[in-house]
Structure formats: C-alpha cells, structure tokens
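# take a look and give me a structure for this.
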Amino acid sequence: MVTTPYYRGRAKEYKVMEILKKDGWLCSRSAMSHGPVDIFAGKDGKTFLIQVKSGKAKIDRKEREELIAWAKAFGAEAEVWYVRKKKEILREKVASI
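Okay, the predicted model is just below:
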C-alpha cells in the first residue's frame, strides 16, 4: 500500500470519527478541504467542529482564528485533536459556545 502524508492524515481523521461515532455522534469528513475543519459532528442538537493534526504538526494562529470563526458561525464547539504515536490523542478546546 502506498503511504503518503495525505493517506496518513486521512487515516487519523477516520480514527477520530470512529471514536466520535462510538460516542453517538453523527460525523462527516471535509475531504481534501485544506480548510479549518476536518470533521463536522452532530449529536443531540449540538455541533462539534474538529481539526485533526498528526505527528508533530501544530495549529497555527491563522488556522486557530479560522476554526474559532467557523465555530461562532455554526454555534458550535471546536477542538483540535492531536493524534500522536502509540494511539495517544490530545484534545485542545479552541471554542465553546
């Protein structure tokens, strides 16, 4: 199997969606968007926006501001999920409405 940064990143997004779905969230990926939101999720009238970062990647100031703007526009909560090696996931809340 060919492994590229795109495929590795997509795999991390699917992993996050699997976690959310097990908790009852309805999820969708924003495939190849290169935008501030990788995953849109909804549950019990709530909207959750997630940016997924893998490896040593971090969210920069511009991406954070865009994610916050999207959260405000949708009345949503927003987080960055850092998916690290050994299946460790660190969650950082960036907007809570």
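
# residue 48 is in contact with residue 23, isn't it?
No. Judged on CB atoms under 8 Å, residue 48 makes no contact with residue 23 at a distance of 10.2 Å. Just so you know, the C-beta spots here come from the backbone N, C-alpha and C atoms, and that holds for glycine as well.

# so how far is the longest strand along the chain from its chain's centroid?
Longest strand in the chain, counting residues (DSSP state E): strand 46-54. Strand 46-54 sits 3 Å away from the centroid of its parent chain (CA atoms, centre = their mean, to the nearest Å).

# numbering from 59 from now on, please.
From this message on, residue numbering opens at 59, which makes the last subject strand 104-112.

# the longest helix in this structure is where?
Longest helix of the chain, by residue count under DSSP state H: helix 63-80.

# dump that one to PDB, keeping only the CA atoms.
The C-alpha coordinates for helix 63-80 follow below in PDB (Å, rounded to 0.1, in the frame of the first residue of the first chain):
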ATOM      1  CA  PRO A  63       1.100  12.300   4.100                       C
ATOM      2  CA  TYR A  64      -2.500  12.500   2.700                       C
ATOM      3  CA  TYR A  65      -3.300   8.900   3.400                       C
ATOM      4  CA  ARG A  66      -1.700   9.000   6.900                       C
ATOM      5  CA  GLY A  67      -3.700  12.200   7.700                       C
ATOM      6  CA  ARG A  68      -6.900  10.600   6.300                       C
ATOM      7  CA  ALA A  69      -6.400   7.600   8.500                       C
ATOM      8  CA  LYS A  70      -6.100   9.800  11.600                       C
ATOM      9  CA  GLU A  71      -9.300  11.600  10.600                       C
ATOM     10  CA  TYR A  72     -11.100   8.200  10.300                       C
ATOM     11  CA  LYS A  73      -9.800   7.200  13.700                       C
ATOM     12  CA  VAL A  74     -11.200  10.400  15.200                       C
ATOM     13  CA  MET A  75     -14.600   9.700  13.500                       C
ATOM     14  CA  GLU A  76     -14.600   6.200  14.800                       C
ATOM     15  CA  ILE A  77     -14.200   7.500  18.400                       C
ATOM     16  CA  LEU A  78     -16.900  10.100  17.900                       C
ATOM     17  CA  LYS A  79     -19.300   7.500  16.400                       C
ATOM     18  CA  LYS A  80     -18.800   5.100  19.300                       C
END
